[in-house]
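Asks: Starting from these lines, generate the structure:
(4 chains, ligands or ions: 2)
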Amino acid sequence: MTPALLLHHQYLPGVCVLALAGELDRTNSGELTAYLKRVRRPGDHVVADLADLSFMDSSGLHILLDCHRTCLAEGASLHLAATYGVPVRVLEVTGVAEYLPGHATVQEAIAAVLRRP
Amino acid sequence: MTPALLLHHQYLPGVCVLALAGELDRTNSGELTAYLKRVRRPGDHVVADLADLSFMDSSGLHILLDCHRTCLAEGASLHLAATYGVPVRVLEVTGVAEYLPGHATVQEAIAAVLRRP
Amino acid sequence: MNTEFELRCPIGPDLGYIRDLVRIHGQHHGLTGERLDDLAIAVNEAVTNVFDHGGRAGLITARDHEHGVTVEILDAGGGLTPEHLAAAIVDPAGNHGFGLWIIQHLCDEVAVEQTGLGSPLSLHMSGRPATVVLLDRSARHTRRDLRRAVSDPTS
Amino acid sequence: MNTEFELRCPIGPDLGYIRDLVRIHGQHHGLTGERLDDLAIAVNEAVTNVFDHGGRAGLITARDHEHGVTVEILDAGGGLTPEHLAAAIVDPAGNHGFGLWIIQHLCDEVAVEQTGLGSPLSLHMSGRPATVVLLDRSARHTRRDLRRAVSDPTS
Ligand SMILES: Nc1ncnc2c1ncn2[C@@H]1O[C@H](COP(=O)(O)OP(=O)(O)O)[C@@H](O)[C@H]1O
Ligand SMILES: Nc1ncnc2c1ncn2[C@@H]1O[C@H](COP(=O)(O)OP(=O)(O)O)[C@@H](O)[C@H]1O
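Replies: Ligands and ions are numbered 1, 2, ... in the order given. Predicted coordinates for the structure are as follows:
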């Protein structure tokens, strides 16, 4: 039984807002990779809303960093929103948090992304 | 580690209203026996509020039945309130539910007890 | 490496820990709602008996099957017999006898063996709804639903 | 009957089940909050490695101590070495290497043995607050609290 990972997205002009819910681990991280590839339009900024993500492992970190690099290469950026609990723990202990800007809410993340286009 | 069992009581004229919370099993059922003995005044009806009791085993049934018998011997009765989940399952499968009147709410249980003094 | 089990833990006095483990096991192997409660209730009664009547030590082993789980409670005391199971009665007027009755009425299959190592009690639980089992097996009692009864005390 | 463990389960692909078992074990043996998260995160990484780099089978054994718990992940493959642990680095620019780093930075003690049966990785977790451990050990990174940072992005 693979833990449930629920993925949703919403488009704003130049921004793909991605909501992750459930538990993200090695058994379902491929779903996130495929989803990102499918829904992110070239050049889009990405805001990843982690509010309902109760677990994230190192494979999740790798996907976020890959996404970050893809964004940078296209002049865009990846911002995280509502990070707490296990995801923030994993982001923190590895130092990855320092590479990925974090915001209290999705609204603030979107505002930050749109301020520096 | 013994699971937490929280016991509270409140007096009404002729009625002892007992609220049980947590998990009731063989490792802590002695606490309930002692508590009942201490707080129930002779002749009191008892209303046992099980709303926040998430587990009850057969030792809990024995205590309720003992209390029921003590009440009967003194012309009083034991009524249960807000029984669902595990406690109702155990009361049902043993047929004990048929001996102990059950009510949706504490208020209804108190009203029923006071109707037949 | 023997991994012909899904979960194993020694019998200890922390009944809440054992109930939680059994719930996690059942949940991850397809049991939900009342079936999950039933398994936790049954295992709890069996372990309580190991302390009340048995060797006060033993081993719990949980396995999964295509449609449900089996939990084996191995009492190091070895005193539990098929006769005890067969003799289980419910006597709300008396003071004893609920444990083995509850176990046999909540589980789909219950069996006890006697081995040199103790008396393993196997409780099998399928994933199908519990109501079926209750209607099936418990003709002895009126199966009125207390939750219905409590919401309408006149019924 | 060997009961020198508190909990044992075979390594299987249901990582969520293993995390839940480990959480129940830690919780009933005194771990709370972040310490409980840390243990679940570390065990999850170790078990993931058994699938990614190891024998894809093995055994998880949890024991409790006076002030905390130890979880042993025995990889049937036996390929994990102390050198792997020592070589663990974090390279946010690269693509690998987070698992063993995370394990060693979240647990109080980490050790690997090599036996004929496989490579048991022992993760020890005490009940004391995790922040102490982090401040202690992770001088390499600025330990700013992301939760503080996210509520004030300018800080
Ligand atoms: N693990 C055990 N070892 C020995 N005897 C047992 C064990 N479990 C149950 N029994 C026997 O079966 C009887 C019925 O048990 P049970 O239905 O659980 O009710 P109770 O525990 O209230 O007596 C016990 O009184 C005891 O004689
Ligand atoms: N169970 C294992 N068996 C064999 N080698 C392992 C095992 N776990 C880790 N390793 C080795 O240690 C390296 C670092 O592991 P880790 O830090 O988890 O990062 P990653 O899994 O991303 O490579 C692996 O690439 C592998 O060579």
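Asks: how close does the spatially most central residue of chain A get to A:Arg116?
Replies: Compute the mean C-alpha point of chain A, and by CA atoms, centre = their mean the closest residue is A:Ala48, 3.3 Å away. Distance, A:Ala48 to A:Arg116, using CB to CB, to the nearest Å: 17 Å. (Glycine included, C-beta is placed from N, CA and C.)
Asks: Can you report how many residues lie near C:Asp52?
Replies: Residues near C:Asp52, counting by other CB atoms under 10 Å in any protein chain shown, number 13.
Asks: Please work out how many residues are found near the nearest residue to it once chain neighbours are set aside.
Replies: Spatially, and ignoring its direct neighbours in sequence, C:Asp52 is nearest to B:Arg26 (7.2 Å; CB to CB, 6 or more residues apart in numbering or on different chains). Neighbourhood size, B:Arg26 [other CB under 10 Å]: 20.
Asks: circling back to that earlier point, and the residue nearest to the centre of chain A, how close does it get to chain D?
Replies: 13 Å (CB to the nearest CB, to the nearest Å).
Asks: Was I right to think that residue contacts A:Leu80?
Replies: Yes - using CB atoms under 8 Å, A:Ala48 is in contact with A:Leu80, at 5.4 Å.
Asks: Name the residues contacting each of the two.
Replies: A:Leu64 (CB atoms under 8 Å, 6 or more residues apart in numbering or on different chains).
Asks: need the strands for chain C, in chain order.
Replies: For chain C, the strands defined by DSSP state E cover C:7-10, C:58-65, C:68-75, C:109-112, C:119-126.
Asks: what do you get for chain A?
Replies: Under DSSP E, chain A gives strands at A:5-12, A:15-24, A:45-56, A:78-81, A:102-103.
Asks: Report the strands that pair with the shortest one, each with its relative direction.
Replies: Here the strand partners of strand A:102-103, with direction, are listed using DSSP bridges: strand A:78-81 (parallel).
Asks: ok, residues contacting the strand it pairs with?
Replies: Contacts to strand A:78-81, defined as CB under 8 Å, 6+ apart, come from residues A:45-51, A:64, A:67-68, A:71, A:91, A:100-106, A:108-109, A:112-113, D:150.
Asks: okay, and for the chain, where does confidence drop off?
Replies: Chain wasn't specified; assuming chain A. A:1-2, A:117 (pLDDT under 70).
Asks: nope, chain C
Replies: Across chain C, the ranges flagged by pLDDT under 70 are C:1-4, C:92-96, C:128-155.
Asks: May I see the buried residues of stretch C:41-52?
Replies: In terms of neighbour count (16 or more other CB atoms under 10 Å in any protein chain shown), stretch C:41-52 has its buried residues at C:41-51.
Asks: Over in chain C, which residue gets nearest ligand 1? Let me know.
Replies: Residue nearest to ligand 1 within chain C: C:Gly99 (2.2 Å; CB to the nearest ligand atom).
Asks: How about the contacts made by C:Ile89?
Replies: C:97, C:101.
Asks: One more: A:Gly14?
Replies: A:43-45, A:76, A:114, A:117.
Asks: Number of residues surrounding residue 63?
Replies: Picking chain A for this. 19.
Asks: The chain in question should be chain C.
Replies: Neighbours of C:Arg63 (other CB under 10 Å): 18.
Asks: and stretch C:61-79, is it in reach of ligand 1?
Replies: Yes - using CB under 6 Å from any ligand atom, stretch C:61-79 reaches ligand 1 at C:75, C:77, C:79.
Asks: Neighbour-wise, give me the winner out of these.
Replies: Going by other CB under 10 Å, C:Asp75 tops those with 26 neighbours.
Asks: Is it correct that that one is in contact with C:Asp52?
Replies: No - look at C:Asp75 against C:Asp52 with CB under 8 Å: they stay out of range, at 10.8 Å.
Asks: Say whether chain A is contacted by stretch C:9-25.
Replies: No - residues of stretch C:9-25 are not located near chain A by CB under 8 Å from any CB of the partner chain, the shortest gap being 12.0 Å.
Asks: From the chain's centroid, how far away is that stretch?
Replies: Offset of stretch C:9-25 from its chain centre (CA atoms, centre = their mean, to the nearest Å): 12 Å.
Asks: Send me it as CSV with only the CA atoms.
Replies: Extracted C-alpha coordinates of stretch C:9-25, given in CSV (Å, rounded to 0.1, in the frame of the first residue of the first chain):
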residue,chain,number,x,y,z
CYS,C,9,6.1,-7.9,19.8
PRO,C,10,6.5,-9.5,23.2
ILE,C,11,3.5,-9.5,25.5
GLY,C,12,4.0,-6.7,28.0
PRO,C,13,1.8,-4.8,30.5
ASP,C,14,1.4,-1.8,28.2
LEU,C,15,-2.0,-2.8,26.7
GLY,C,16,-2.4,0.6,25.0
TYR,C,17,0.8,0.1,23.1
ILE,C,18,-0.3,-3.4,21.9
ARG,C,19,-3.7,-2.0,20.9
ASP,C,20,-2.1,0.8,18.9
LEU,C,21,0.3,-1.6,17.1
VAL,C,22,-2.6,-4.0,16.2
ARG,C,23,-4.6,-1.0,14.9
ILE,C,24,-1.8,0.1,12.7
HIS,C,25,-1.3,-3.4,11.4
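Asks: how about the helices in chain C?
Replies: Counting by DSSP state H, chain C has helices at residues C:15-28, C:33-52, C:82-86, C:98-106, C:130-137, C:146-151.
Asks: does any part of the fourth one sit near chain B?
Replies: It refers to helix C:98-106. Yes - with CB under 8 Å from any CB as the criterion, chain B is reached by helix C:98-106 at C:98-99, C:101-102, C:105-106.
Asks: same question, the third one
Replies: No - residues of helix C:82-86 contacting chain B under CB under 8 Å from any CB: none, with a closest distance of 14.7 Å.
Asks: That helix packs against which elements?
Replies: Other helices and strands packing on helix C:82-86, by 3 or more CB pairs under 8 Å, 6 or more residues apart in numbering or on different chains; DSSP states H and E, are helix C:98-106, strand C:109-112.
Asks: and of those, who's closest to chain D?
Replies: With CB to the nearest CB as the criterion, chain D lies closest to strand C:109-112 of the helices and strands packed on helix C:82-86, at 17.2 Å.
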